[in-house]
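A.B. asks: dropping a prediction and its sequence here:
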Amino acid sequence: MNSIRSKIVVSGRVQGVGFRYHTRRIALKLGIRGYAKNLINGSVEILASGSQDNISELRNWVSIGPERAAVEAVDLLDEKELIEGGVVRGFESFTIL
């Protein structure tokens, strides 16, 4: 099974609604490693590493988010664009930063 990495930036009403907590719960359930963190502009950034199917499932979930969220946009950056100096950094689990 091939692993991919995606950087996902979700904007809208995504801070103060449990978005990172629920994203972590879904990511751990799917076996995805990485992080979710709030950005200063009010968006949430997610860096996810896992199987293509599981990353797709996470992407689908974040486009809706938890009940109190109001997602307006989801921007994606795929693995080959995340490689820095030929090295892709790994993650042990999925954390909230």
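C.D. replies: Ah, there it is. From a predicted model like this one, the values you see are computed outputs, not experimental measurements. Numbers count the residues shown, from 1 in each chain.

A.B. asks: all helices of the chain, in order?
C.D. replies: Secondary structure of the chain (DSSP state H): helices at 19-30, 52-62.

A.B. asks: which of those sits closest to Val44?
C.D. replies: helix 19-30 (5.3 Å; Cβ to Cβ). Quick note: C-beta positions are derived from backbone N, CA and C, even for glycine.

A.B. asks: how about residues contacting that closest one?
C.D. replies: Outside helix 19-30, the residues within contact range by Cβ atoms under 8 Å, 6 or more residues apart in numbering are 10, 33-34, 36-38, 44, 46, 48, 50, 54, 57-58, 61-62, 65-66, 69, 93-96.

A.B. asks: go again with 6 Å.
C.D. replies: 36, 44, 54, 57, 61, 65-66, 69, 94, 96 (Cβ atoms under 6 Å, 6 or more residues apart in numbering).

A.B. asks: can you count the residues close to the nearest residue to Ala69 once chain neighbours are set aside?
C.D. replies: Leaving aside its sequence neighbours, Ala69 sits nearest to Val17 (Cβ to Cβ, 6 or more residues apart in numbering; 4.7 Å). By the measure other Cβ atoms under 10 Å, the count of residues near Val17 is 17.

A.B. asks: Val17 is in contact with Glu67, isn't it?
C.D. replies: No. Val17 is beyond contact range of Glu67, at 8.1 Å (criterion: Cβ atoms under 6 Å).

A.B. asks: list the buried ones in stretch 44-53?
C.D. replies: 44-50 (16 or more other Cβ atoms under 10 Å).

A.B. asks: from those residues, which land in strands?
C.D. replies: 44-50 (DSSP state E).

A.B. asks: check those residues and tell me the two furthest apart.
C.D. replies: Val44 and Gly50 (17.8 Å).

A.B. asks: returning to that earlier point: quick one: which two of the contacts of helix 19-30 are the most distant?
C.D. replies: Asn54 and Ala69, at 20.7 Å, using Cβ to Cβ across the contacts of helix 19-30.

A.B. asks: sheet-wise, list the partners of the strand ranked longest in the chain with their directions.
C.D. replies: Identified as the longest strand of the chain according to DSSP E is strand 3-13. The strands beside strand 3-13 in its sheet (DSSP bridges) come out as strand 44-51 (antiparallel), strand 70-78 (antiparallel).
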